[in-house]
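Build the 3D model from these lines:
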Amino acid sequence: MKPLALALAAGAAIASVATTAHADARPIKIGIVTFMSGAAAGPFGVPAKNAAEVTAAELNAGKVPAPYATKGFGGAPIELVYIDEAGSTSKQVSEYRNLLNQGVDYVVGYTSSGNCLAIAPVAEEMKKVTLFFDCGTPRVFEDASFKYVFRPVATATMDNVGAARYVAERKPDLQTYAGINQNYAWGQDAWADFEGTLKSLKPNAKSVSSQMPQLGAGQYNAGISSLLAAHPDVLHSSFWGGDLEGLVVQAGPRDLFKKSLTVLTAGETATHGKTRLPDGVIIGARGMYGMFAPDNALNRWLRTAYSAKFNDTPSYPSYKMNQSILALKAAYEKAQAANGGKQPTPEQVIASFEHLAFEAPAGKIGLTLGKGHQAAQGTAFGIVKNVNGKVTVTDVKQYSIAEVTPPEGVKSADWIKGGLKH
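The predicted structure follows:
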């Protein structure tokens, strides 16, 4: 049996004997930070908040499949406190400190990579266990080490290396490529990883345009004009939230996505709203989420519970919020079991969290990077095909962790420049 499988088996055994000794203890308060206003709320923040709500309710009721069948966290009920992520990074730091003043035990949040980079050192200063559920920049753990910060989801390196591999396979005669990405850590890293991977896979191909509008710019016609003039074989974008929806709406009438083979690394969220992606666009879901998720008991439970409560299917932000809360429960109950059934201290939870292996709707997840604080996952891409008003994907290709993720201790940029070797 492989190490990850052994660890998962051990985790399941611990969960199966988890005690409910402190079932009457005070609730475990979790601060949930996500966009509840602004352009990112509809496609990102609301689905993530909904997932937190339904996950907590189902855990408290003991309705989640094994290995999460114990109620709440080891018998203690979960109570959620919500904070809006909208606003500047300085506002988010202030809101984070205010959240801690409300007595939360743990924090799960942050979609913006800029916010994650700003919050991580504050979490360390305040000694508060904090989980990043969505932000993608690999800089968090590649440029620093943290004791109290964990990210039980993958970095964006996975997305952009996978996207480059997919388009290189789909277009073996690739000669030119271009990108439109947001001008901050997320977009800058995304383009660097995508371009760097293509330089390795297709060294004769040439970058002909890189558009970098500001986050939340809203209007992209100038960038679209530049991309149409460049006429690349392949177009890459890591746009997300309202920016992605705006790009799709503005690019559609000008046939940008038809004139270049387009890959949208965060495109899965655009299949849930009123915005319609045209046939032929390549999309990802930042992991094995949504239409790319495996058929397992946890995925069936999440989709059923979410749909019953919200009359919608969960998008990838929903999956990632759910995955993060389940990871916290797994670490908490592992620490509780090691503590003789008593409520664990934050330090005991940290010790159990490091290098944790756990089950999720996306499959088996392991925190194998960032000295045991950063998860690594495989991913998938597919091509949009609209069938009777429903968005489906065809030509799905999955990529293993080794194909899209650097080994422990190696920075993403260095791994890509070195030829993606393990």
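
which stretches of the stretch 251-400 of the chain form strands?
Defined through DSSP state E, counting those that start in this stretch, the strands belonging to the stretch 251-400 of the chain, from first to last, are 261-264, 282-284, 357-360, 363-369, 374-376, 379-387, 390-399.

Out of those strands, flag the one nearest Asp143.
Taking CB to CB as the criterion, strand 374-376 is the member of the strands of the stretch 251-400 of the chain that comes nearest to Asp143, at 12.1 Å. (Glycine included, C-beta is placed from N, CA and C.)

Contacts for that closest one, please.
Residues outside strand 374-376 that contact it (CB atoms under 8 Å, 6 or more residues apart in numbering) are 140-141, 150-155, 158, 327, 365-369, 401, 405.

rerun at 10 Å
Contacts of strand 374-376 from elsewhere in the structure, counted by CB atoms under 10 Å, 6 or more residues apart in numbering, are 4, 132, 138, 140-142, 146, 149-155, 157-158, 287, 323-324, 327, 356-358, 360, 362, 365-370, 401-402, 404-408.

circling back to that earlier point, so which of the strands of the stretch 251-400 of the chain is nearest Tyr306?
Each of these was scored for nearness to Tyr306 using CB to CB, and the closest is strand 357-360 (14.2 Å).

Which secondary structure elements does that closest one sit against?
Packed against strand 357-360 by the contact rule (3 or more CB pairs under 10 Å, 6 or more residues apart in numbering; DSSP states H and E) you find helix 3-16, helix 297-310, helix 316-338, strand 363-369, strand 374-376.

any idea of the mean pLDDT in the second one?
This points to helix 297-310. On average, the pLDDT along helix 297-310 is 98.

what comes up buried for that helix?
Neighbour counts using 16 or more other CB atoms under 10 Å place 298-299, 301-303, 305-306, 310 of helix 297-310 among the buried residues.

So for stretch 327-335, mean pLDDT?
If you average the pLDDT over stretch 327-335, you get 98.

Pull the distance from it to the chain's centre.
A distance of 20 Å separates the centroid of the chain from that of stretch 327-335, by CA atoms, centre = their mean, to the nearest Å.

so where's the stretch 1-150 of the chain shaky on pLDDT?
Screening the stretch 1-150 of the chain residue by residue with the criterion pLDDT under 70, one finds the ranges 1-25.

for it, what spans make up the helices?
Assigned by DSSP state H, counting those that start in this stretch, the helices in the stretch 1-150 of the chain fall at 3-16, 46-60, 89-101, 113-126, 139-142.

Check which helices and strands the longest one is in contact with.
Read it as helix 46-60. For helix 46-60, where contacts count as 3+ CB pairs under 10 Å, 6+ apart, the packed elements are strand 28-34, strand 78-84, strand 106-109, helix 297-310, helix 316-338.

Quick one: work out the angle between it and helix 316-338.
Here helix 46-60 runs at an angle of 30 degrees relative to helix 316-338 (axes from the mean of the first three to the mean of the last three CA atoms, to 10 degrees).

if we can go back for a sec, quick one, which of the contacts of strand 374-376 are buried?
Neighbour-count burial within those applies to 132, 138, 140-142, 146, 149-155, 157-158, 287, 323-324, 327, 356-358, 360, 362, 365-370, 401, 404-406; the criterion is 16+ other CB under 10 Å.

ok, what's across the strand from the residue nearest to Thr368 when sequence neighbours are not counted?
Counting by CB to CB, 6 or more residues apart in numbering, Thr368 lies nearest to Ala376, which is 4.9 Å off, once chain neighbours are set aside. Partner residues in beta bridges with Ala376: Gly366, with DSSP bridges as the criterion.

Any idea which of the helices and strands packed on helix 46-60 gets closest to Gln250?
Closest of the helices and strands packed on helix 46-60 to Gln250 is helix 316-338, at 22.9 Å (criterion: CB to CB).

Also compute the angle for the closest one relative to strand 28-34, please.
In terms of direction (the same axes, to 10 degrees), helix 316-338 departs from strand 28-34 by 160 degrees.

So which bits of helix 316-338 are buried?
Taking 16+ other CB under 10 Å as the criterion, helix 316-338 shows 316-337 as buried.

Next up, the contacts around the most centrally placed residue in the chain.
Here the mean C-alpha position of the chain is nearest to the C-alpha of Asp134 (CA atoms, centre = their mean), at a distance of 3.8 Å. When the contact criterion is CB under 10 Å, 6+ apart, the partners of Asp134 are 34-35, 44-45, 48, 85, 108-113, 116, 151, 153, 240, 286, 316-317, 319-321, 323-324.

repeat that for 7 Å
Taking CB atoms under 7 Å, 6 or more residues apart in numbering as the definition of contact, the neighbours of Asp134 are 48, 110-111, 153, 317, 320.

Save the residues you listed as JSON lines, and put in distance to Val281 too.
What follows is these, written out as JSON lines (distance: CB to CB, whole Å):
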{"residue": "Ala48", "distance to Val281": "24"}
{"residue": "Tyr110", "distance to Val281": "27"}
{"residue": "Thr111", "distance to Val281": "22"}
{"residue": "Val153", "distance to Val281": "24"}
{"residue": "Pro317", "distance to Val281": "19"}
{"residue": "Lys320", "distance to Val281": "22"}
